[in-house]
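Q: Pasted the sequence and its predicted model underneath.
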2 protein chains.
Amino acid sequence: MRQGIQTLVVIGVGLIGGSFALSLKRAGRVARVIGVDRSAENLQRARELGVVDDISHDACQAVRDADLVLLATPVGQMGPICKAIAPFLSPHTLISDVGSTKGDVVEALRSSLPGQLTRCVPAHPIAGSELSGATAAQYGLYENRNVVLTPLPETDADAIECLTGLWQSCGATIHCLTPAEHDHVFAAVSHLPHLLAFSYVNTVADKADAERCLAFASTGFRDFTRIAGSSPEMWRDVCLANRTALLAELADYRAELDRLISLVESGDARSLTERFDRARLVRSAWHQRFQRKIT
Amino acid sequence: MRQGIQTLVVIGVGLIGGSFALSLKRAGRVARVIGVDRSAENLQRARELGVVDDISHDACQAVRDADLVLLATPVGQMGPICKAIAPFLSPHTLISDVGSTKGDVVEALRSSLPGQLTRCVPAHPIAGSELSGATAAQYGLYENRNVVLTPLPETDADAIECLTGLWQSCGATIHCLTPAEHDHVFAAVSHLPHLLAFSYVNTVADKADAERCLAFASTGFRDFTRIAGSSPEMWRDVCLANRTALLAELADYRAELDRLISLVESGDARSLTERFDRARLVRSAWHQRFQRKIT
């Protein structure tokens, strides 16, 4: 298999891991995909849908012949999984992941797979939706999307090259950041808005007349809260894993919100217009760039 | 014209007013639409696009033969406009609006059109987007959408009936609320999320490395911030007009955000999961209902 791999083991066959498997299969870059998942039902579904070729309930057995093991569980589970599979890995087996946080994953790899670090390529594909599970997996999820790699100083060049090639065959563009850079950037543009959306929905849900309020919610509410439909477990893990960077973002946001509350309190029309104008300009410019890229 | 009107004057020919005109024309409920707008260019465009039949730069002249005057400017301009057109209105002319706030509009009507209150039907169509101007006007914008009427105690029954019929012919469902009920509900499900989205974009924009952060923003960011592309002028007016209800919502949100910050600080995994779980359930249930209605 030219520039591909024989056996891919995906641990956690959900939207992200499943879509990676499907995309690689379509690109002809993998001969066999073995799915491992704590949910027998999800795993069964993944096989029925052709997301994986074979299934296993035992990660340790599954990884024995793997060329690449992709960790695609919530980040909190990656450390224990690495510890468990460590004795069963071949020296050549590549380890990668799809976690939304990277500092904690690198730490987990260092402590659980100290003998395998040359084969470790931590990664974060910037794609997804509020959906989860094998049924959400889809071809083309990574077309024109960014994938951030945070290789270790120890990582072999050929390991980085292999993962780069696989993600590129899914249509993605590769970027390299340090784990700290990654965690700072994604605290700002991903983790923070998720927390704000969860908090907002809870604020409405806690109202005495929540039902009536929700009855009048419309498209603005729909789009603003879409990410509040995301996996609670995944986002709990992200909060815990990226706590420091996230708390810094939350503090910045809280300060900005306090400034806005003061402007509303004092009825400062000019400053309100200026702040909204600035947000609109930044958002519109961003959206033009983003759309050009995605479509 | 059966159950329709002869002459509609739309003051402020943007997304909302323009779409009302287009929808009524398609439904055969209006014979002639006159557009008034402070922007000559927008007005010209509205005529070219067939959103209006005639244009006028003088609201006072335009309203002379109107059966219905629709105020579709930012809410802050409605009071002065009512004061200006008051001497030129026929006793039979209906006055309605599309403002996102109702307490202030009712107050403006009371103080500026005391002789016309029996013909006043304040309204708020729950539709829109981050787009604005006559080019954004579209048929079908109000299909399966809610329109809230907040009639005055003085309002004639036939005036309410006429507006109800016109909005229904656009595909909308009519609800009646008091102005205070309206302003409370929409502070929660519309005004608050707009302010949170503006604040969030400003928080990112103020970062030293904003450019790099924005380069990695993706679909979650896109949807969460869509409403931050909305008209600054409109939202400044909403903030000022609905200040009291909005400040109450902002205080509730800030308290919820502070609770969440504490949970992240203390690493309270169980409570974080519970809060996220609750938000997901509420949002998913809402989305199922909303989708069934819209599609």
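A: Yes, it's here. A quick note: this is a predicted structure, and the numbers were derived from the prediction, not measured. Residues are numbered from 1 along each chain as shown, chains lettered A, B, ... in the order given.
Q: quick check, whichever strand or helix holds residue A:233 touching chain B?
A: Using DSSP states H and E, residue A:233 maps to helix A:232-241. Yes - using CB under 8 Å from any CB of the partner chain, we find that helix A:232-241 touches chain B at A:232, A:233, A:235, A:236, A:239, A:240. Any C-beta I mention is one placed from the backbone N, CA and C, and that applies to glycine too.
Q: what's the fourth one in contact with, if anything?
A: Contacts here follow CB atoms under 8 Å, 6 or more residues apart in numbering or on different chains; on that basis residue A:236 touches A:74, A:76, B:269, B:272, B:273, B:276.
Q: Can you name the two of these that sit furthest apart?
A: Taking CB to CB as the measure, those span a maximum distance of 13.5 Å, between A:76 and B:276.
Q: So the two - more neighbours on which side?
A: Per other CB atoms under 10 Å in any protein chain shown, whichever of residue A:76 and residue B:276 has more neighbours is residue B:276, with 27 against 19.
Q: ok, now which ones touch the residue positioned nearest the centre of chain A?
A: Within chain A, one residue has its C-alpha closest to the average C-alpha position: by CA atoms, centre = their mean, that is residue A:100, at 4.0 Å. Residues in contact with residue A:100, defined by CB under 8 Å, 6+ apart, are A:75, A:124, A:186, A:190, A:191, A:234, A:238, A:242.
Q: List just the nearest of those to residue A:5.
A: Looking at the contacts of residue A:100 and their distance to residue A:5, the nearest is residue A:124, at 20.0 Å (CB to CB).
Q: Can you classify that closest one as helix, strand or coil?
A: At residue A:124, secondary structure determined by DSSP: H, G, I helix; E, B strand; the rest coil is strand.
Q: quick one, strands of the stretch 101-250 of chain A?
A: Residue ranges of the strands in the stretch 101-250 of chain A, as given by DSSP state E, counting those that start in this stretch, are A:120-121, A:123-125, A:146-149, A:173-176.
Q: Would you reformat the contacts of residue A:236 as a markdown table and include secondary structure?
A: Shown next, in a markdown table, are these (three-state DSSP):
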| residue | secondary structure |
| --- | --- |
| A:74 | coil |
| A:76 | helix |
| B:269 | helix |
| B:272 | helix |
| B:273 | helix |
| B:276 | helix |
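Q: can you put these in TSV and add distance to residue A:253 and pLDDT?
A: Written out in TSV, the entries for these read as follows (distance: CB to CB, whole Å; pLDDT from 0 to 100):
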residue	distance to residue A:253	pLDDT
A:74	24	91
A:76	24	92
B:269	22	97
B:272	17	98
B:273	22	98
B:276	18	98
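Q: Which one of the residues you listed is nearest to residue B:177?
A: Nearest to residue B:177 among these: residue B:276, at 31.7 Å, using CB to CB.
Q: so what's that closest one closest to, chain neighbours aside?
A: Ranked by CB to CB, 6 or more residues apart in numbering or on different chains and with sequence neighbours excluded, the top spatial neighbour of residue B:276 is residue A:232, at 3.5 Å.
Q: was I right about that neighbour contacting residue B:273?
A: Yes - the criterion here is CB atoms under 8 Å, and residue A:232 meets it with residue B:273 at 5.1 Å.
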